[in-house]
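Peer 1: From the sequence below, what's the structure:
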Amino acid sequence: MPENINLIPSEVIKERSMHATYNRFLFVSILVLVLTGLGIAGLLYINYTKQQELNSVTKQVSQKKEELKSLEDVQKNGSILTAKLAHIDSLLTNKIYYSRLLDEIKNRQTEGIVLNSVNINSSFEVSFSGSAANTVALQRYVTHLIEEPDNLFSDAKILAVSIKEDTGLTTFGITVVANKEMLTGLK
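Peer 2: Okay, the predicted model is just below:
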């Protein structure tokens, strides 16, 4: 039988074996390094895209806040307009009463009285200002306002009176409260 003849020295075989192990180790190290680099790059890319998404969402949130702020202004304006509309509706509803009340004030005006202004508020409190020929004419006018049999006016208050000494002309301010229910019966 032929004898196993190995012509390559054992040192060379050992060196080749070590060299092959070194090459495998080097390949595995490079592979691990490349895979680690790819993993880090992937994580950085994911982080970058998430940061961009977060910035986009933050920008959208700030835009929505601005839109909401502008809608708050619209809501405030809407509330103001609603209140004004309610007031106008009240005025239109009470317009017939105001007309009747002004007619009744005119009808009750006595001789020697000149009315300069008449203001009526929503609770039918009437404020007059004007002038009278003298204090007797003013007293007669106030009495005529509140002592009519229909009790249309009550709570007469003379707010201000001034008398010009040279002419005797009396300027005045009066408030009375009108009874709205009594106005419905007037024509």
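Peer 1: drop to CA atoms for contacts and neighbour counts, all remaining ones
Peer 2: OK.
Peer 1: So Gly168, which state does it fall into?
Peer 2: coil (DSSP: H, G, I helix; E, B strand; the rest coil).
Peer 1: Give me the distance between the residue most central in space within the chain and Lys65.
Peer 2: Residue closest to the average C-alpha location in the chain (CA atoms, centre = their mean): Lys76, at 2.6 Å. Distance of Lys76 to Lys65, computed by CA to CA, to the nearest Å: 16 Å.
Peer 1: what secondary structure does the residue nearest to the centre of the chain sit in?
Peer 2: Classified using three-state DSSP, Lys76 is helix.
Peer 1: Ranking helices and strands of the protein by mean pLDDT, which lands last?
Peer 2: helix 180-184 (a mean of 73; mean pLDDT, DSSP states H and E).
Peer 1: packing partners for the lengthiest strand in the chain?
Peer 2: What stands out as the longest strand in the chain, according to DSSP state E, is strand 153-163. Packing contacts for strand 153-163, counted by 3 or more CA pairs under 8 Å, 6 or more residues apart in numbering; DSSP states H and E, involve helix 135-146, strand 170-178.
Peer 1: Can you tell me which of these is most buried?
Peer 2: When these are scored by mean count of other CA atoms under 10 Å, the highest mean neighbour count falls to strand 170-178 (a mean of 20).
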